[in-house]
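Q: Provide a 3D model corresponding to the input given below.
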Amino acid sequence: MKKSIARIKSAARGDATYVPESPCARGHMLRTTAGGSCLECRRASEKTRYHQDPAKTRVLVASKYIRNADKICAKRRASYAENSDIEKAVAKIRSAEWRVKNPQHAGAKAAKTKYKLEHPEKVRAAMIKRRVAKMHRTPVWLTADDLWVMEQAYALAVLRTNLFGFSWHVDHILPLQGKKVSGLHVPTNLQVIPWVDNIRKANTFKVPA
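A: Residues are numbered from 1 along each chain as shown. All right, here's what the predicted structure looks like:
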């Protein structure tokens, strides 16, 4: 069988997929460069196989990952390094969502512990940086009532976390360390929002709609 010209060019560029000259029998127009198989058909076949025997499929996927763990991790790191800032932010959000949904998972605990052990200076530096920034952005004119209101915001975050079953954060509407604008650590600058919204917001200020 004559090899596709598009496949040869894609392989030369290092692309994982290519668009062939003609579709497959089901009309799909995307194939894998390595094997030349239809990507959509293969995914459909994998879904069917999973629904027929989920346990067996999980074992096969896990064994494949274990055999190729180093290659898979290296490929993911290389791909992540090439991503844009937006793609990296999305990846961080997805990772954070998974860790929150699976807090007792051995992998989540091990990854968190490993990072703290390997980068104690980063963990400590981030904590001190946050603490110092909050101190510098806390006005001396705050009253006892102001401090009490701020404490209640953190208490509300804990209450909502226990009530809804997912984490809530006390966020600064105007970030303490914003690039263009910075706010103060005062009652009127605090809001209690879901953790995922706080991560997406990061050190930015979003004008209310």
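
Q: Heading C-terminal from the helix or strand that contains Lys134, find the next helix or strand.
A: For Lys134, the element it lies in under DSSP states H and E is helix 120-136. Following helix 120-136 in sequence order, the next helix or strand is helix 144-164 (DSSP H and E).

Q: taking the mean pLDDT, what do you get for that next one?
A: If you average the pLDDT over helix 144-164, you get 90.

Q: Can I get the helix or strand just after that helix in PDB, CA atoms only?
A: Per DSSP H and E, helix 144-164 leads on to strand 168-172 as the next helix or strand towards the C-terminus. Taking Å, rounded to 0.1, in the frame of the first residue of the first chain, the C-alpha atoms of strand 168-172 are listed here in PDB:
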ATOM      1  CA  TRP A 168     -13.800  28.100  50.000                       C
ATOM      2  CA  HIS A 169     -11.200  30.900  50.100                       C
ATOM      3  CA  VAL A 170     -11.100  34.400  51.400                       C
ATOM      4  CA  ASP A 171     -10.000  36.400  48.400                       C
ATOM      5  CA  HIS A 172      -8.800  40.000  48.100                       C
END
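
Q: gap between strand 168-172 and the chain center?
A: 18 Å (C-alpha atoms, centre = their mean, to the nearest Å).

Q: And for the helix holding Lys134, what's in contact with it?
A: Helix 120-136 has contacts (C-beta atoms under 8 Å, 6 or more residues apart in numbering) with Tyr115, Lys116, Leu176, Gln177, His185. The way it works is simple: take the backbone N, C-alpha and C, and place the C-beta from them, glycine included.

Q: Let me see the confidence value for the third one.
A: Reading off the confidence values, Leu176 has pLDDT 81.

Q: mind listing what it touches?
A: Leu176 neighbours (C-beta under 8 Å, 6+ apart): Ala133, Lys134, Arg137, Ser182, Gly183, Leu184, His185, Asn203.

Q: Could you confirm the fourth one falls within a helix?
A: Read it as Ser182. No. Counting by DSSP: H, G, I helix; E, B strand; the rest coil, one finds Ser182 to be coil, located in no helix.

Q: quick one: it from Val149, how far?
A: 21 Å (C-beta to C-beta, to the nearest Å).

Q: swap in Lys56?
A: As judged by C-beta to C-beta, Lys56 and Val149 stand 57 Å apart.

Q: In terms of neighbours, single out the busier of those two.
A: For Lys56 versus Val149, neighbours defined as other C-beta atoms under 10 Å are more numerous around Val149 (15 against 11).

Q: Who are the contact partners of the more buried one?
A: Val149 sits in contact with Pro187, where contact means C-beta under 8 Å, 6+ apart.

Q: what about it, distance to Asn162?
A: For Val149, the distance to Asn162 (C-beta to C-beta) stands at 21 Å.

Q: Okay, and Ala110 sits in which element?
A: Judged by DSSP H and E, Ala110 forms part of helix 106-118.

Q: For that helix, which outside residues touch it?
A: With contact meaning C-beta under 8 Å, 6+ apart, helix 106-118 is reached by Trp98, Arg99, Asn102, Pro103, Val123.
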